[in-house]
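Trainee: Pasting the sequence and the predicted coordinates here, then a few questions.
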Amino acid sequence: MEDIVIAMGIGKGNLPPLEDMEAHGGLLPALWKTWVGACFHPAEFFELVGNGQALIPALIFGVLAGWVSLIAEKVSSSLFKIRFLPYLRQEGIREVSELHLLISAGWLVVLLKILAVGVLVHMFLALFGGANRGLTATLRVIAYAEAVGLISVIPILGGLVSKVWKVALFITGLAAAHQTDTWRASSAVFVLLALFIGFIVVLIIRLLKQ
């Protein structure tokens, strides 16, 4: 595995490829290697993420990846409805309106999500004694983990697969970046996930009772 990572250039230097573009042949090769590293070599990649403190490059990458994935997932969903669910075609105007909204403001939604999830995960990681490198390291992990959202371009199952994959990246990434035990990272992520699911369930029950 390590030989593959080095061969692909992910292991050059002490920072993610996007933060050391000159060593990786420029912007496009660095973006590609960053995506490959985050998705397919997370332990090695997120260890590099933990070495840096620059938040802006990570946020830019995360917002772009998350923004594209939101749009791709919406387009895929709309095309599926039009092709296989003819009785929903009359909702086309609403679908187009929602797509325009995602294109214009989706980046802000992704940014706020990264910041909110990062702060909450870091709080629980600190509670379990695993926040060894500060909030910036956690935010960098959450931002770079958005890379897997691009799997949403795969119709139907892409969105679901990317969400499950992202949870795995959170855990691996936090453990590697903070140099902490996997159980501490897992506990932080799953506690937050359980609280989120609980909130959704309570909200649905309250709506059904109205």
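Mentor: Structure's in. What do you need?
Trainee: in the one helix or strand residue 104 maps to, what's buried?
Mentor: Using DSSP states H and E, the element containing residue 104 is helix 92-127. Buried residues in helix 92-127, counted by 16 or more other CB atoms under 10 Å: 95, 99, 102, 106-107, 110-111, 113-114, 117-118, 120-122, 124-126. Placement of C-beta: from N, CA and C, glycine included.
Trainee: Show me what the following helix or strand past it is in contact with.
Mentor: Remark: after helix 92-127, the chain's next helix or strand is helix 134-144, criterion DSSP H and E. With contacts defined as CB atoms under 8 Å, 6 or more residues apart in numbering, helix 134-144 is touched by 16, 34, 38, 45-46, 49-50, 52-53, 55, 58-59, 61-63, 114-115, 117-119, 121-122, 125, 131, 170, 173-174, 177-178.
Trainee: Nearest the geometric middle of this protein, what residue?
Mentor: Central residue of the chain (CA atoms, centre = their mean): residue 146, 2.2 Å from the mean position.
Trainee: OK, contacts around that residue?
Mentor: With contact taken as CB under 8 Å, 6+ apart, residue 146 is in contact with 61-63, 65-66, 69, 110, 114, 166.
Trainee: what about 10 Å?
Mentor: Applying CB atoms under 10 Å, 6 or more residues apart in numbering, we find residue 146 in contact with 38, 58-59, 61-69, 110, 113-114, 162, 166, 169.
Trainee: Take those and keep only those in strands.
Mentor: Among the contacts of residue 146, no member is found in strands (DSSP state E).
Trainee: which of those residues count as buried?
Mentor: Of the contacts of residue 146, these count as buried by 16+ other CB under 10 Å: 38, 58-59, 61-69, 110, 113-114, 162, 166, 169.
Trainee: returning to what we had before: gap between the residue nearest to the centre of the chain and residue 127?
Mentor: 24 Å (CB to CB, to the nearest Å).
Trainee: and residue 18, how many neighbours does it have?
Mentor: 22 (other CB atoms under 10 Å).
Trainee: now do residue 60
Mentor: 13.
Trainee: For it, list the residues it contacts.
Mentor: Contact analysis of residue 60 by CB under 10 Å, 6+ apart lists 18, 111, 143.
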